[in-house]
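Chemist: need a 3D model of the following:
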Amino acid sequence: MKSILRLFFRLLYHELAFTYDLVAAVVSFDRWKDWVTSIIPFIEGDQILEIGHGPGHLQRILLSRGLIAVGIDESAQMGRLARRHLTRLFSSQSPQPAQPLAYTQINLTRGIGQQLPFRNESFETVIATFPTEYITDPGTLAEVKRCLADGGKFIVLPVAWPKNWLLDWLFKFTSQSPTEAMEVVKSRLREPFAGAGFETEVRTLDVQSGILLIVLARKLSR
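Modeler: Below you'll find the model as predicted:
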């Protein structure tokens, strides 16, 4: 099953990248974009790195708020898709005088989490939404830590459960309560971040459309 899932995600992020938004909407009951934007209130500072920017929806929001946002993704197809989306959106809007110039800057690059091409302590916040298993790789965590300023925050949205009959059935089928299942997942999520030296908290965010788990990992000041 893991091999099948890996193949599916590889195709979705590469050859089938053009179907990403459709697939995400279907599996999330059309709440994917709402879930992704749920991390916005946790962001600190102005210098933001997004690992795995995908189609660029979160980049658009960050830039529209005047933040200095940089996105990196391993997939060349996702890079082209995101750049096309952002260019089309920004070219169709006339920035208001009060908006910073950063609003029109598209900063996307290709690369992997284990080898981030950025200087030490370049960012105040690093974010990743619905990443694959690379996000807990020791190499990724070490690189994120290197690129974060002292006291900077690493925000990861790894999983969400839509509120619907399927979720209720799943918990009944596994003979678990939602609370029990989430505590197990929270514990497993916390371990790699804490082991990498981050001050780590895993929060449950209960929104109208689902239940989200958000990892808040802070780089300790020296």
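Chemist: what comes into contact with the longest helix anywhere in the chain?
Modeler: For the chain, the helix with the greatest residue count under DSSP state H is helix 178-195. Contact partners of helix 178-195, identified using Cβ atoms under 8 Å, 6 or more residues apart in numbering, comprise 136, 138, 141, 154, 156, 158-159, 161, 167, 171, 174, 200-202, 204, 211, 213, 215, 217. For every residue, glycine as well, the C-beta is placed using N, CA and C.
Chemist: now do the buried residues in the helix or strand just after it.
Modeler: Downstream of helix 178-195, the first helix or strand assigned by DSSP states H and E is strand 198-207. Of the residues in strand 198-207, 198, 200, 202, 205 count as buried by neighbour count, 16 or more other Cβ atoms under 10 Å.
Chemist: may I ask which of those comes out lowest in pLDDT?
Modeler: Note: of the buried residues of strand 198-207, the lowest pLDDT belongs to L205, at 88.
Chemist: and the gap between it and E191?
Modeler: As judged by Cβ to Cβ, to the nearest Å, L205 and E191 stand 20 Å apart.
Chemist: same check, this time on Q114
Modeler: Q114 is 19 Å from E191, by Cβ to Cβ.
Chemist: go on, L62?
Modeler: On the measure of Cβ to Cβ, L62 and E191 end up 29 Å apart.
Chemist: higher neighbour count, the two?
Modeler: Between L62 and E191, counting by other Cβ atoms under 10 Å, L62 is the more crowded of the two (24 against 11).
Chemist: SS state for the more buried one?
Modeler: Here L62 takes the helix state, with states given by DSSP: H, G, I helix; E, B strand; the rest coil.
Chemist: show me what contacts it?
Modeler: 43, 48, 50, 69.
Chemist: highest neighbour count among these?
Modeler: Of the contacts of L62, with other Cβ under 10 Å as the count, A69 tops at 28 neighbours.
Chemist: dihedrals phi and psi, that residue?
Modeler: Here is the backbone geometry of A69 (degrees, to the nearest 10): phi -100, psi 140.
Chemist: ok, it touching I48?
Modeler: Yes. Using Cβ atoms under 8 Å, A69 is in contact with I48, at 4.8 Å.
Chemist: helices or strands up against the helix or strand containing A82?
Modeler: Remark: A82 resides in helix 76-91, with elements defined by DSSP H and E. Applying 3 or more Cβ pairs under 8 Å, 6 or more residues apart in numbering; DSSP states H and E, we find helix 76-91 packed against helix 57-64, strand 68-73, strand 108-110.
Chemist: buried residues in that helix, which are they?
Modeler: 77-79, 81-83, 85-86, 90.
Chemist: okay, now the unreliable bits of the chain?
Modeler: For the chain, the stretches flagged by pLDDT under 70 are 1-2, 4-6, 8-9, 11-12, 16, 21-32, 90-105, 164-181.
Chemist: what's the longest strand in it?
Modeler: Secondary structure of the chain per DSSP state E: the longest strand is strand 148-162.
Chemist: sheet partners, orientation included, of it?
Modeler: Under the criterion DSSP bridges, strand 148-162 sits next to strand 123-129 (parallel), strand 210-219 (antiparallel) in its sheet.
Chemist: understood, closing this out.
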